[in-house]
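Novice: Coordinates only, no sequence provided:
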C-alpha cells in the first residue's frame, strides 16, 4: 500500500473544485470561509480602533473610525 505522490505537482496545481463546487476567489491571500473572514474583520476592527485612539482621536472623532472599520469588515466578509 505504498502510494507515490509528486509533491511538486500537487503544490503547483491549485484546487479549484471542492466536492463539485467551484472555490470562491477573493482578495485575501488565503483560502477562507465566511467565519474566517468575520474573524479577520473583527481583528482589523480592534486594531484600527486602537491605532485611531492612539494617533487620530485628538483631531478626528472615534465615530469616523467606527464607520470605516464596519465598512472594511463588511468588505472583507463580502469580497474577501
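Specialist: That came through fine. It should be emphasised that the depicted structure is a prediction, and the values quoted were computed from it without experimental measurement. Numbering: from 1, shown residues only.

Novice: Just the buried positions in stretch 44-51, please.
Specialist: 45, 48, 49 (16 or more other CB atoms under 10 Å). Heads up, the C-betas are built off the backbone N, CA and C, glycines and all.

Novice: and the first one, what element?
Specialist: Mapping residue 45 onto the secondary structure by DSSP states H and E places it in helix 34-55.

Novice: check contacts around residue 56.
Specialist: Contacts for residue 56 were tallied using CB atoms under 8 Å, 6 or more residues apart in numbering; they are residue 65.

Novice: again, only this time at 7 Å
Specialist: Contacts for residue 56 were tallied using CB atoms under 7 Å, 6 or more residues apart in numbering; there are none.

Novice: State the pLDDT value of it.
Specialist: pLDDT, residue 56: 93.

Novice: Repeat that for residue 15.
Specialist: So, for residue 15, pLDDT stands at 53.

Novice: which stretches of the protein form helices?
Specialist: 7-12, 34-55, 62-79 (DSSP state H).

Novice: Between those, which one is closest to residue 27.
Specialist: helix 62-79 (6.3 Å; CB to CB).

Novice: Give the rounded mean pLDDT of the closest one.
Specialist: 94.

Novice: buried set for that helix?
Specialist: Quick answer for helix 62-79 (16+ other CB under 10 Å): 65, 69, 73, 76, 77.

Novice: Adding distance to residue 25, write those out as JSON lines.
Specialist: Formatted as JSON lines, the buried residues of helix 62-79 follow (distance: CB to CB, whole Å):
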{"residue": "65", "distance to residue 25": "30"}
{"residue": "69", "distance to residue 25": "25"}
{"residue": "73", "distance to residue 25": "20"}
{"residue": "76", "distance to residue 25": "14"}
{"residue": "77", "distance to residue 25": "15"}
